[in-house]
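# Compute the structure for the input listed below.
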Amino acid sequence: MDINKRENSMQPFEPGDIFLGLTLLNDPEDDHAGLGRIVQYGRDMQPRGVLWTQGGEHFVGGLEFDRDGRLWAFNDLAVLQVDPATGRQLPLSDRFLPRVYRSASFAPDGRVFLGEHMKAERRPDNEIARRTTTRFPLVPGAGVLGFGFIYEYDAAWNHVRTFECETAPEMTGFKGVTHSTLHPSGEFVTYTTETGKRIMRYDVINDRQLPDLVTYPGDSVFDRVWAIAVKYLPDGRLLVTRGDFMELLDERGRAIRSYPLETYGWSDIEVLAGGRECLVSNIWEGTVVRLDVESGEVTGMIDTGYSKPERCLAGVACFPGPY
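Numbering: from 1, shown residues only. A predicted model of the protein is given here:
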């Protein structure tokens, strides 16, 4: 591919279309940086088009659809949005506080809850952090990587409140709210610090931390007894990836089903229309599986061809509609 002649070929969205954040990592001095890209697949899981994004220079991730069918994604301090009618990126908005967001939830009244991926004053100096050459962006005016908070915006994208939520210890030393999902009641956001031992909840009505839904045992954050991605089904049950498997939790946090996923690295979940099926993506393998939540059957797969060390699959979303 000639990157100097890259063209946008993303098509108007159709129900069941799948969208993957697949940044083309081509920066020899930064192993997380490159040309922002969202790839579109049809409901048959075959490629339909590509959008080269503007804004940020690292992984395009955290893909999610809002109530109006706009596709949201994030890259560094930029909030990216794509028009479903044209498949083209909308102009970047200046309404959002400049933070490294990575997850979004949308209330029926149009409110938006954004989770801040980064939480550190400066780049950590530890064994894990030294394995990457990432140039982390700083919060303008604050000089820090991030605060790890949840931010509420109204339907016009005005900043309403900042929720100073707790986060969990994890191995890199710089992650905050990495994955988040609004409970169907709209009363609280459930979230994780990926590879941390807590599935946390924050009351967005009364602005208060709630007891953890789950706290996993063990004192070491390197034992792989942890949570990664979370996503609610319409009935309030919660899907959570745990590394090389996924669990289904009831409203009390009890595991009621487990789904073995064989390889390690399952990092994002998208629940399909109706809640019967979901998509689960693996950043290390560059694959996405479609899974029947009730039967546990794998009903489809996408292999992007971007496995480690070219791992770049940092988000998955499905355009609403009959699947």
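# rest of the way, CA atoms for contacts and neighbours
OK.
# what's the top strand by length along the chain in contact with?
Secondary structure of the chain per DSSP state E: the longest strand is strand 208-215. With contacts defined as C-alpha atoms under 8 Å, 6 or more residues apart in numbering, strand 208-215 is touched by 163, 165-166, 197-203, 252-253.
# In ChimeraX, select just the buried ones from those residues.
In ChimeraX, a selection of the buried entries from those looks like this (16 or more other C-alpha atoms under 10 Å):
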select :163,165,166,197,198,199,200,201,202,203
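# now the contacts of strand 208-215 as a markdown table including pLDDT?
Converted to a markdown table, those look like this (pLDDT from 0 to 100):
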| residue | pLDDT |
| --- | --- |
| 163 | 98 |
| 165 | 98 |
| 166 | 98 |
| 197 | 97 |
| 198 | 98 |
| 199 | 98 |
| 200 | 98 |
| 201 | 98 |
| 202 | 98 |
| 203 | 98 |
| 252 | 97 |
| 253 | 98 |
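# how many neighbours does residue 308 have?
Residue 308 has 11 neighbouring residues, counting by other C-alpha atoms under 10 Å.
# Now it: phi and psi?
phi -60, psi 140 (degrees, to the nearest 10).
# ok, now which ones touch it?
Residue 308 touches 283-286, counting by C-alpha under 8 Å, 6+ apart.
# Now render the residues you listed as CSV, adding secondary structure and pLDDT.
Conversion of the contacts of residue 308 to CSV gives the following (DSSP: H, G, I helix; E, B strand; the rest coil; pLDDT from 0 to 100):
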residue, secondary structure, pLDDT
283, coil, 96
284, coil, 95
285, coil, 96
286, coil, 97
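# Out of those residues, flag the one nearest to residue 232.
Nearest to residue 232 among these: residue 283, at 20.7 Å, using C-alpha to C-alpha.
# thinking again about what came up before, name the next helix or strand downstream of the longest strand of the chain, please.
The helix or strand immediately downstream of strand 208-215 is strand 230-232, counting by DSSP states H and E.
# what pLDDT does residue 266 get?
Here the pLDDT value assigned to residue 266 is 96.
# Check what pLDDT the residue nearest to residue 101 when sequence neighbours are not counted gets.
Counting by C-alpha to C-alpha, 6 or more residues apart in numbering, residue 116 is the residue found nearest to residue 101 once chain neighbours are left out, at 4.3 Å. For residue 116, the pLDDT comes out at 98.
# Check the secondary structure at the spatially most central residue of the chain for me.
The residue lying closest to the centre of the chain (C-alpha atoms, centre = their mean) is residue 62, at 3.1 Å. With DSSP: H, G, I helix; E, B strand; the rest coil as the basis, residue 62 sits in strand.
# Can you tell me how far it is from residue 78?
Computed as C-alpha to C-alpha, to the nearest Å, the residue 62 to residue 78 distance reads 12 Å.
# contacting residues around the residue lying closest to residue 121 once chain neighbours are set aside?
Distances taken as C-alpha to C-alpha, 6+ apart put residue 144 closest to residue 121, at 4.4 Å, once the chain neighbours are dropped. Applying C-alpha under 8 Å, 6+ apart to residue 144 gives the contacts 120-122, 138.
# go on, residue 48?
Listed by C-alpha under 8 Å, 6+ apart, the contact partners of residue 48 are 9-11, 39-42.
# repeat that for 7 Å
10-11, 40-42 (C-alpha atoms under 7 Å, 6 or more residues apart in numbering).
# Each with direction, which strands does the host helix or strand of it pair with?
Element membership for residue 48 (DSSP H and E) is strand 47-52. Strands that pair with strand 47-52, judged by DSSP bridges, come out as strand 37-41 (antiparallel).
# Okay, now the unreliable bits of the stretch 51-200 of the chain?
Of all residues in the stretch 51-200 of the chain, none has pLDDT under 70.
# Equivalent analysis for the stretch 201-323 of the chain, please.
Counting by pLDDT under 70, the stretch 201-323 of the chain has low-confidence residues at 321-323.
# If we use 90, what do you get?
The stretch 201-323 of the chain contains residues with pLDDT under 90 at 219, 221-222, 262, 273-274, 309, 321-323.
# Which residue ranges of it form strands?
Here the stretch 201-323 of the chain has its strands, by DSSP state E, counting those that start in this stretch, at 208-215, 230-232, 238-241, 245-249, 255-260, 266-271, 277-282, 287-292, 298-303, 313-318.
# Need the winner for burial among those strands.
Of all these, strand 313-318 has the most neighbours on average by mean count of other C-alpha atoms under 10 Å, namely a mean of 27.
# Packing partners of that one?
Secondary-structure packing of strand 313-318 (3 or more C-alpha pairs under 7 Å, 6 or more residues apart in numbering; DSSP states H and E): strand 18-22, strand 61-65, strand 266-271.
# All the strands of the stretch 1-150 of the chain, residue numbers only.
In the stretch 1-150 of the chain, the strands defined using DSSP E, counting those that start in this stretch lie at 18-22, 24-25, 34-35, 37-41, 47-52, 61-65, 71-75, 78-82, 101-106, 112-116, 119-120, 146-147, 150-153.
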